[in-house]
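Trainee: 3D, please:
(one chain, ligands or ions: 1)
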Amino acid sequence: MSGARASLRQLAALLERGEASAVELASDCLARISASDLNAFIDVQPELTLAQARAADTRRARGERGALLGVPLAHKDICVTRGWRSTAGSKMLERYVSPFDATVVERLAAAGAVCVGKTNCDEFAMGGSNEHSHFGPVRNPWDRAAIPGGSSGGSAAAVAAGLAPAATGTDTGGSIRQPAAMCGVTGLKPTYGRVSRHGMIAYASSLDQGGAIAVTAEDCATLLGAMAGFDARDSTSVERPPEDFARELGRSIEGLRIGVPREFFGEGLSADVRAAVEAALAQYRALGAVLTEISLPQTELAIPAYYVIAPAEASSNLSRFDGVRYGHRAERYEDLHDMYCRTRAEGFGAEVRRRVLVGTYVLSHGYYDAYYLQAQKLRRLIADDFRRVFETVDLVAGPVSPTVAWDIGSIVDDPVSNYLADIYTLPASLAGLPGMSVPAGFGRGGRPVGLQLIGRWFDEARLVNAAHCFQQVTDWHLRRPA
Ligand code: GLN
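Mentor: Okay, here's the model as predicted:
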């Protein structure tokens, strides 16, 4: 029936022809999840999944149709869900069950997608390796010694291993694109404001954006179609008419102008990733795209800007975890202040504590102007870089990550090395631009490499089609780990 790594489109066709039921597809995923050793899931509730699947089958039996009606889907455990726990990968929320569904969860459920469980992630989405999860690291299905990337590592590993055909993710500074690249699957981070943040446990609110991880670019477009749209419950949600993100699929990319930033091919880029990305760019040339070298001169400044702004917002967002409103509370304490301190010291892991400290520092009196305001100015310059290049090119292309996935544990104690690895994903995040990661081959140790495509603001349809055209002439996205 449904082989591992079937696309949503293929599964919907099976449902459509009556060759499989939603219950069968969901049961298949549940069986693979329970047999898996990847630690990709934090919470699985088979009865809830099967109830949703039965409901989808009933809707189909009544004649309802839809690209997502009855297909299985996993949610990153940053999106809150009724029924399943919502932990954000943190001890703080280890046993938390939300009284409501995140908007993305609600919308995908309304479209008939069946939730197969909650995927593991770095704590509060802070990290790029999935090693900062209270629930333990996720393993990369291509090589169990390797990280899957992060913070949406569970989602990417689950799709790569065929535990779920697609999953939601969130991307603050690369958390959809980077794990998608490292696991050899397709990831789409939409323009900031496209997808409601309501019910997505906040990390850095001016950057956080929900998106999709799937086998194909086409599936990402389908998922985005269901997820996107104005939501009054998110004050930065953008009001735009509904769009079909798949409307450009199949249109020739002859003449498409792709800018290749020279700053993305500097010293830190490893030879194996460079070779795979250059081969992918050659493929685009063969498809008729016009490639030109461009410059995004502020690229290097993305790291200091991001690692001031994101922790600043995180320190503010995480102040709600005080042991009173919800989540963990220390058992023993002397007074109220002591209760706060112990609760937060016990409930947060090392990386989260580090960021809260940095964030509080850069926001404090006397440092705000020196760090936070400066970082905001850099952010503007970075966005201006893109504004300028998008006057002459339609897309920007380059690597997602300077290296393939590294070994679990190898740099976990070295935060700066981890932060530096975000160099190619942070600029689009700071500018709020849509970006994708498209499987583009393999590097050292047979570990996957992703090609990053960055589009103009709200130009997801063109972005997705550029990825789709590449996937029509390559099969990297269809390869499966042994
Ligand atoms: N790796 C980056 C960080 O640690 C990005 C994380 C994300 O996008 N959620 O902040």
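Trainee: contacts only, for Ala345.
Mentor: Shown in contact with Ala345 (C-beta atoms under 8 Å, 6 or more residues apart in numbering): Arg353. For glycine as for every other residue, the C-beta is placed from the backbone atoms N, C-alpha and C.
Trainee: cutoff 10 Å now
Mentor: Ala345 is in contact with Ala330, Arg353, counting by C-beta atoms under 10 Å, 6 or more residues apart in numbering.
Trainee: buried sites along the strand or helix carrying it?
Mentor: Assigned by DSSP states H and E, Ala345 belongs to helix 336-347. By 16 or more other C-beta atoms under 10 Å, the buried positions in helix 336-347 come out as Met339, Tyr340, Arg342, Thr343, Arg344, Gly347.
Trainee: now the third one: how far from the ligand?
Mentor: Read it as Arg342. Going from Arg342 to the ligand by C-beta to the nearest ligand atom, to the nearest Å gives 26 Å.
Trainee: now that residue. Nearest residue, chain neighbours left out?
Mentor: Ala330 (3.6 Å; C-beta to C-beta, 6 or more residues apart in numbering).
Trainee: so how far is stretch 237-256 off the chain centroid?
Mentor: Relative to the centre of its chain, stretch 237-256 is centred 20 Å away, using C-alpha atoms, centre = their mean, to the nearest Å.
Trainee: okay, the residue nearest to Arg342: pLDDT?
Mentor: pLDDT, the model's per-residue confidence, is 97 for Ala330.
Trainee: kindly report the same for Met126.
Mentor: At Met126, the predicted lDDT confidence score is 98.
Trainee: and what of Ser2?
Mentor: At Ser2, the pLDDT value in this model is 41.
Trainee: one more: Val464?
Mentor: At Val464, the model reports a pLDDT of 98.
Trainee: likewise for the one 5 residues further on?
Mentor: Looking at Cys469, its pLDDT reads 98.
Trainee: cool, Pro427 as well?
Mentor: With respect to pLDDT, Pro427 scores 98.
Trainee: quick one, what contacts the closest residue to Gln45 other than its chain neighbours?
Mentor: Ranked by C-beta to C-beta, 6+ apart and with sequence neighbours excluded, the top spatial neighbour of Gln45 is Trp84, at 5.6 Å. Shown in contact with Trp84 (C-beta under 10 Å, 6+ apart): 41-45, 48-49, 75, 77, 97-98, 101, 105, 115-118.
Trainee: again, only using 7 Å
Mentor: Taking C-beta atoms under 7 Å, 6 or more residues apart in numbering as the criterion, Trp84 is in contact with Asp43, Gln45, Leu48, Gly117, Lys118.
Trainee: number of residues surrounding the residue nearest to Arg342?
Mentor: Neighbours of Ala330 under the rule other C-beta atoms under 10 Å: 16.
Trainee: and for Asp369?
Mentor: Asp369 is flanked by 9 other residues according to other C-beta under 10 Å.
Trainee: got it, and Val473?
Mentor: Neighbours of Val473 under the rule other C-beta under 10 Å: 10.
Trainee: same thing with Ser7?
Mentor: 20.
Trainee: what about the helix holding Ala345, average pLDDT?
Mentor: pLDDT averaged over helix 336-347 gives 97.
Trainee: now do it: distance to the chain's middle.
Mentor: Chain-centre distance of helix 336-347: 31 Å, with C-alpha atoms, centre = their mean.
Trainee: next SSE after that helix?
Mentor: Following helix 336-347 in sequence order, the next helix or strand is helix 350-363 (DSSP H and E).
Trainee: that following helix close to the ligand?
Mentor: No. Judged by C-beta under 6 Å from any ligand atom, helix 350-363 stays clear of the ligand, getting no closer than 7.9 Å.
Trainee: sketch out the low-pLDDT regions of the stretch 51-200 of the chain for me.
Mentor: Along the stretch 51-200 of the chain, no part satisfies pLDDT under 70.
Trainee: got the residues of it near the ligand?
Mentor: Residues of the stretch 51-200 of the chain lying close to the ligand (C-beta under 6 Å from any ligand atom) are Ala125, Met126, Gly127, Gly128, Ser151, Asp171, Thr172, Gly173, Gly174, Ser175.
Trainee: just the pLDDT for the residue of the stretch 301-450 of the chain found nearest the ligand.
Mentor: Residue nearest to the ligand within the stretch 301-450 of the chain (C-beta to the nearest ligand atom): Asp422, separated by 4.8 Å. On the pLDDT scale, Asp422 is placed at 98.
Trainee: give the contact list for it.
Mentor: Gly128, Gly173, Gly174, Ile303 are the contacts of Asp422 under C-beta under 7 Å, 6+ apart.
Trainee: switch to 8 Å and redo it
Mentor: The contact partners of Asp422, by C-beta under 8 Å, 6+ apart, come to Gly128, Gly173, Gly174, Gln178, Ala302, Ile303, Tyr306.
Trainee: how close does it sit to Asp385?
Mentor: 17 Å (C-beta to C-beta, to the nearest Å).
Trainee: do the same with Ala125
Mentor: Using C-beta to C-beta, Ala125 is found at 25 Å from Asp385.
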